[in-house]
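Chemist: Structure for the following, please:
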Amino acid sequence: MSVTRAQSEITSREFAEWQAYDRLDPFGQDRADLRAGIVAAASLQPHMKKGRRARPADFMPDFAKRLRRKQSPQLMEQKLKAYVTAHNAYVNRNGAA
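Modeler: All right, here's what the predicted structure looks like:
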């Protein structure tokens, strides 16, 4: 559904209520990540050292953290050059796409 359509079909109050509900009982991909984290933590727990605990959050992606991480221009250039080198090697090996 487009943003324009959503705005025409629900009020800002209803949207705020859905946001509040999601904070209390998340749904969507955040909930799926939590379920996967619970399974991973439970699977690892028997193999942990005594007194250590695996937490579901240890296995959940933190996309906000990735966005906050800063890279220097030099590191960006280094990564871009590595990508271009790998791409060119692939193209040379397999022909143009």
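Chemist: Who's the closest spatial neighbour of residue 57, skipping the chain neighbours?
Modeler: Spatial nearest neighbour of residue 57, chain neighbours left out: residue 37 (6.4 Å); criterion: CB to CB, 6 or more residues apart in numbering. All C-beta spots, glycine's among them, are computed from the backbone N, C-alpha and C.
Chemist: what about the one you found, which helix or strand?
Modeler: Following DSSP states H and E, the helix or strand that holds residue 37 is helix 29-44.
Chemist: Report the mean confidence score over the lengthiest helix in the chain.
Modeler: Secondary structure assigned by DSSP state H gives helix 73-94 as the longest helix of the chain. The predicted model assigns helix 73-94 a mean pLDDT of 89.
Chemist: Low-confidence stretches in the protein?
Modeler: Judged by pLDDT under 70, the chain has its weakly predicted residues at 66-69, 96-97.
Chemist: let's go with 80 and repeat that
Modeler: Counting by pLDDT under 80, the ranges of the chain that qualify are 1, 26-28, 62-71, 95-97.
Chemist: care to break it down by domain?
Modeler: Structural domains of the chain, as assigned by automatic domain parsing, span the residue ranges 1-61, 62-97.
Chemist: hey, which of these is tucked in deepest?
Modeler: For the domains of the chain, the largest average neighbour count (mean count of other CB atoms under 10 Å) is found in domain 1-61, namely a mean of 11.
Chemist: Could you tell me the end-to-end distance of that domain?
Modeler: Distance across domain 1-61, first residue to last, is 26 Å (CA to CA, to the nearest Å).
Chemist: So what's the gap between it and the chain middle?
Modeler: Relative to the chain's own centre, domain 1-61 is displaced by 11 Å; criterion: CA atoms, centre = their mean, to the nearest Å.
Chemist: And for stretch 83-94?
Modeler: Shown here is stretch 83-94, whose average C-alpha point lies 28 Å from the average C-alpha point of the whole chain (CA atoms, centre = their mean).
Chemist: And for stretch 71-84?
Modeler: Averaged C-alpha coordinates place stretch 71-84 at 22 Å from its chain's average position (CA atoms, centre = their mean).
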